[in-house]
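1. one predicted model, sequence on top.
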Amino acid sequence: MKVLKFGGTSVGSPTNMKMVASLINTPDPKIVVLSAMSGTTNKLVQISENLYKAKQTEALGLIEDLHQTYKQVIDGLYATDNYKQKALDYIQGHFEFLKAQVKNNFSTHEERGILAQGELLSTGLFQLLLEESNIPSVLLPALNFMKIDENEEPDTAFIAKQLPADLAQYSNTNLFITQGYICRNSFGEIDNLKRGGSDYSASLIGAAINASEIQIWTDIDGMHNNDPRIVKKTYPIAELSFDEAAELAYFGAKILHPSSVLPAKQKNIPVRLLNTMQPEARGTTISARTSGSSIKAVAAKDGITAIKIKSTRMLLAYGFLRRIFEVFEEYKTSIDMITTSEVAVSLTIDNTRFINEIISELKEFGTVEVDQDLSIICLVGDSIEETSGTVVNIFKSLQNIPLRMISYGGSRNNISILVNTSYKNQALIALNDGVFAKTEQPAHA
Ligand code: ADP
Ligand code: ASP
Ligand code: MG
């Protein structure tokens, strides 16, 4: 069985939804995971923000706008009045739910319920489209099998037990449709896998059923060597190893949710990134194979904070780093980059929830400096340390940019560089000209 995930743009208009319906209309068994239509989750976030501020009239206005948008979608999506009416009735229930959340005492509980409506709407409408087109399929509720635990990590044991049980109820079905992004938490409440989480849903589902392949269908022809939103002349990479792809996703390549590679890697399931608008393009295949050498791609992650701890007590002392790391462990805050000198250690974090507590504990060790609004530029490839010319090119390209920290040699496939976010675009563009223009570009399919 294969898992096919279609993102927001892929289901973002009646034309695109119909294209997806024809793409999946093949006899091989599959689970199709859908995101919300593009723009919907952002609108739902906006509605929630207004409700937090008790701006109820504004929230109701936004709900009404969204309802009108969906009515137009329905008009373009179905051929018959019968199915147009069925779809209008279906969305009516969801918009009534949204309006019922417009009340005082708005909390994260209500917010999560609101955020889940996007995927519930897209999958319900898509299922009706398949029904009208006489394509047999079953709508499988993700809220029944997708679960996170008390640490907000996927409850993979539960998913691996529940999902096959749900599938087994339909022994004659080859096509299942389900929602990405949404799940239940350890209290049984509606929750989600964070923004962009439909990719994560797809890989968790793939791992739970030992799928033969996970396909992520989106609006671009695979993982590009650089961020196409910032840099011109980027190109798709035909093959990446799980480690390379995980690194790029974690360090900001928006095409994949940061955690979505790991479940596939653990089960050795190939992940293919494909373009709904150009289905014949080769895309990117992510697998256990390591291929090629040197730098393949770069990504950037914003919102980074650097912390420098200076202490003369560190000189020749052992156990110092352990005590520093324990502070971060205590506050469940993970560290991305680290560099040390004889009397100081600098490290970066992206979760600043407990920053004040962390700083006050670190002050016991020496002076503490904090720097915000930084970005990690992460270069990913294979056997980087064996290709010294590439490293020279990297630093030549960045010669006009102040570099705050450099991490090299931590693994064979990564160099990370910390810069002020105001230099990020300049750095990505400079690297494209200085490093990738010299790399042989893969031929297009
Ligand atoms: P979906 O809604 O299908 O999940 P996303 O918007 O989440 O799509 O991800 C696809 C987008 O990711 C692309 O349109 C592109 O702008 C952006 N992106 C950022 N970095 C990369 C990269 N290195 N390779 C490809 N796409 C990237
Ligand atoms: N709809 C969710 C979002 O916009 C999940 C996803 O698209 O992956 O973040
Ligand atoms: Mg996405």
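-> Here it is on my side, so go on. Ligands and ions are numbered 1, 2, ... in the order given.

2. from here on, just use CA atoms for contacts and neighbour counts.
-> Noted.

3. for residue 410, grab the count of nearby residues.
-> Residue 410 is flanked by 11 other residues according to other C-alpha atoms under 10 Å.

4. what about it, which SS state?
-> With DSSP: H, G, I helix; E, B strand; the rest coil as the basis, residue 410 sits in coil.

5. which non-adjacent residue is nearest residue 76?
-> The shortest distance from residue 76 to any non-neighbouring residue, by C-alpha to C-alpha, 6 or more residues apart in numbering, is to residue 14 (5.7 Å).

6. got a pLDDT number for that neighbour?
-> With respect to pLDDT, residue 14 has a value of 98.

7. residues contacting it?
-> Listed by C-alpha atoms under 8 Å, 6 or more residues apart in numbering, the contact partners of residue 14 are 73-74, 76-77.

8. could you list the contact residues of the chain toward ligand 1?
-> Residues of the chain found near ligand 1 (C-alpha under 6 Å from any ligand atom) are 7-9, 196, 218-220, 222-229, 253-255.

9. swap in 5 Å and give it another go.
-> Counting by C-alpha under 5 Å from any ligand atom, the chain comes close to ligand 1 at 7-8, 218, 223-224, 226-227, 253-255.

10. now, those residues that are in strands?
-> Those of these mapping onto strands are residue 218, per DSSP state E.

11. which two among the residues of the chain next to ligand 1 are spaced furthest apart?
-> Using C-alpha to C-alpha, those span at most 21.3 Å, a distance reached by 8 and 226.

12. ok, residue 230 touching residue 427?
-> No - using C-alpha atoms under 8 Å, residue 230 makes no contact with residue 427, being 10.4 Å away.

13. looking at those two, which is more packed in?
-> Shown here are residue 230 and residue 427; by other C-alpha under 10 Å, residue 427 has more neighbours (22 against 12).

14. the more buried one in helix, strand or coil?
-> From three-state DSSP, the assignment for residue 427 is helix.

15. and the gap between the nearest residue to it once chain neighbours are set aside and residue 424?
-> Leaving aside its chain neighbours, residue 427 sits nearest to residue 398 (6.3 Å; criterion: C-alpha to C-alpha, 6+ apart). As for residue 398, its distance to residue 424 is 11 Å (criterion: C-alpha to C-alpha, to the nearest Å).

16. just residue 112 next, same as before
-> According to C-alpha to C-alpha, residue 112 and residue 424 sit 33 Å apart.

17. cool, and residue 155?
-> Applying C-alpha to C-alpha to residue 155 and residue 424 gives a distance of 36 Å.

18. could you do residue 284 as well?
-> From residue 284 over to residue 424 the distance is 25 Å, taken as C-alpha to C-alpha.

19. for the stretch 251-400 of the chain, which segments are assigned as strands?
-> Ranges of strands in the stretch 251-400 of the chain, per DSSP state E, counting those that start in this stretch, are 271-275, 284-287, 294-310, 335-340, 344-349, 367-382.

20. also the stretch 101-250 of the chain?
-> Along the stretch 101-250 of the chain, the segments classed as strands by DSSP E, counting those that start in this stretch run 138-140, 175-179, 182-184, 190-192, 213-218, 239-241.

21. what comes up buried for the least confident helix or strand in the chain by mean pLDDT?
-> None of the helices or strands of the chain scores lower by mean pLDDT, DSSP states H and E than helix 388-397, at a mean of 88. For helix 388-397, the neighbour count (16 or more other C-alpha atoms under 10 Å) marks 390-391, 393-394, 397 as buried.

22. cool, and stretch 264-282?
-> Using 16+ other C-alpha under 10 Å as the test for burial, stretch 264-282 gives 264-265, 267-277, 281-282.

23. go through the residues you listed and name the one nearest residue 342.
-> Nearest member of the buried residues of stretch 264-282 to residue 342, counting by C-alpha to C-alpha, is residue 265, at 37.8 Å.

24. residue 81 and ligand 1, how far apart?
-> Look at residue 81 and ligand 1: by C-alpha to the nearest ligand atom, to the nearest Å, they are 30 Å apart.

25. oh, that last question was meant for residue 243, not what I typed.
-> 15 Å.

26. repeat that for residue 18.
-> Separation of residue 18 from ligand 1 (C-alpha to the nearest ligand atom) stands at 16 Å.
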